[in-house]
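# sharing a sequence plus its predicted fold:
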Amino acid sequence: MLFGLWLLSGALLAEGLPVLGLSHVGFRTSDLEKARAFYHGILGYDEAFDLKAPGGHIAVAYFKVNDNQFIEILPGIPPGTTVMMSHIAMYTGDIEKLHKMLEERGVAPGKIEDAKDGNRSFAIRNLPGQNLEYLEFVQYMPGGWLRQSAGKFLGDRRVSTRFLHAGIAITNFEAARRFYVDQLGFTVGHDPEAGGRSQPVRVPLGHGIVLRLPGPSGDCLEIDNPKRPATGKYLSVVAHLSLFVPDVDSAYRVVKERGPLVDLKPPLARSLGLFDPDGSRVELMVPKAPGK
């Protein structure tokens with residue numbers, strides 16, 4: 001019986017989820033104007049559109065990175081919130097198939113809905129072992145805001161033109177690893193052909209793993225196996241967005257000229273850490289080549 005269940009599990013994971021890449025990352029802010037000064041003024045992203053709440057105020061501001069990726073800024077921090085990263089989203093070309101595959105793998109996705117931005121989406125909440133409000137999946141529809149803005153709001157001031165990965169604050173490493181690797185079929189490592197694998201791995205305390213999304217994008221998530229749970233300001237350091245830059249020293253000179261920035265320090269060998277006004281970390285990184 002156990003052997004049969006193992007074969008069924010292997011068969012379900014054999015077909016990768018129809019995921020095309022990271023869509024967006026959402027961060028909460030206590031002050032939208034200060035957030036604009038960072039995401040537009042420092043990072044150079046245009047505010048392509050805003051989603052209004054029933055009262056008329058802005059509920060979500062969309063800062064466009066490229067035609068498939070953007071950063072969502074959500075004004076207002078609910079009481080008790082400890083992590084400013086609210087959610088991570090991935091995009092697909094077939095949301096119905098993706099939803100069905102997740103159900104078959106024992107995940108409980110919410111219902112598919114028509115979003116106010118013209119796209120279709122659903123979310124997974126109560127994520128195991130993660131300090132993340134929800135994981136969202138979206139299909140960009142032809143009449144949606146993002147597809148309608150193709151080729152627009154892509155100014156030359158953008159410090160980066162694509163995501164590399166998103167890091168998640170973890171409360172239970174093994175539970176999170178089982179969710180992404182055993183259920184969703186993410187591979188461990190940037191390149192599955194250079195040692196990436198979907199089977200369980202042993203990760204010592206104080207270390208982490210990179211989880212490569214299914215599909216062709218090469219986009220990743222990062223989860224750590226901390227010696228002790230992250231607390232306080234460090235939570236927003238762990239829950240971060242990483243952006244590709246071809247040269248970290250050049251990126252440092254650009255953001256320094258656009259400053260002032262809190263806690264701006266010279267870059268490490270391959271990365272530069274920036275912090276938005278509420279302490280969320282945005283990392284500018286030159287990716288490590290596979291095998292090095």
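Yep, that arrived.

# for the closest residue to D276 other than its chain neighbours, grab phi and psi.
In this structure, D276 finds its nearest non-sequential neighbour in F38, 4.6 Å apart by C-beta to C-beta, 6 or more residues apart in numbering. No exception for glycine: its C-beta is placed from N, CA and C like everyone else's. Dihedral pair for F38: phi -80, psi -60, per degrees, to the nearest 10.

# ok, F38 - contacts?
274, 276-277 (C-beta atoms under 8 Å, 6 or more residues apart in numbering).

# number of nearby residues for F244?
Neighbourhood size, F244 [other C-beta atoms under 10 Å]: 16.

# how about F70?
27.

# with the contacts of F38 in mind, which one is nearest to L32?
P277 (10.0 Å; C-beta to C-beta).

# what's the average pLDDT for stretch 25-36?
Averaged across stretch 25-36, pLDDT comes to 97.

# ok, stretch 129-140 next?
Here the average pLDDT along stretch 129-140 is 96.

# and the protein, what are its domains?
According to automatic domain parsing, the chain comprises the domains 12-148, 163-285.

# redo the ones you listed as TSV? Include distance to R157.
What follows is those, written out as TSV (distance: least, C-beta to C-beta, whole Å):
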stretch	distance to R157
domain 12-148	3
domain 163-285	9
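
# and those domains, which one is worst for confidence?
The bottom spot among those, by mean pLDDT, belongs to domain 163-285, with a mean of 85.

# may I see the buried residues of stretch 253-265?
If you call a residue buried by 16 or more other C-beta atoms under 10 Å, then stretch 253-265 has these buried ones: 254-255, 258, 264.

# and those residues as CSV, adding secondary structure?
Listed next are the buried residues of stretch 253-265 as CSV, based on DSSP: H, G, I helix; E, B strand; the rest coil:
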residue, secondary structure
V254, helix
V255, helix
R258, helix
L264, coil
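
# in the stretch 1-150 of the chain, which spans are strands?
Ranges of strands in the stretch 1-150 of the chain, per DSSP state E, counting those that start in this stretch, are 19-29, 46-52, 58-64, 70-75, 85-92, 113-114, 120-125, 134-139.

# what do you get for the stretch 151-292 of the chain?
In the stretch 151-292 of the chain, the strands defined using DSSP E, counting those that start in this stretch lie at 163-167, 187-188, 207-212, 220-225, 240-244, 271-275, 281-285.

# now those strands in a markdown table, with distance to D50?
Listed next are those as a markdown table, based on distance: least, C-beta to C-beta, whole Å:
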| stretch | distance to D50 |
| --- | --- |
| strand 163-167 | 21 |
| strand 187-188 | 36 |
| strand 207-212 | 32 |
| strand 220-225 | 27 |
| strand 240-244 | 20 |
| strand 271-275 | 23 |
| strand 281-285 | 20 |
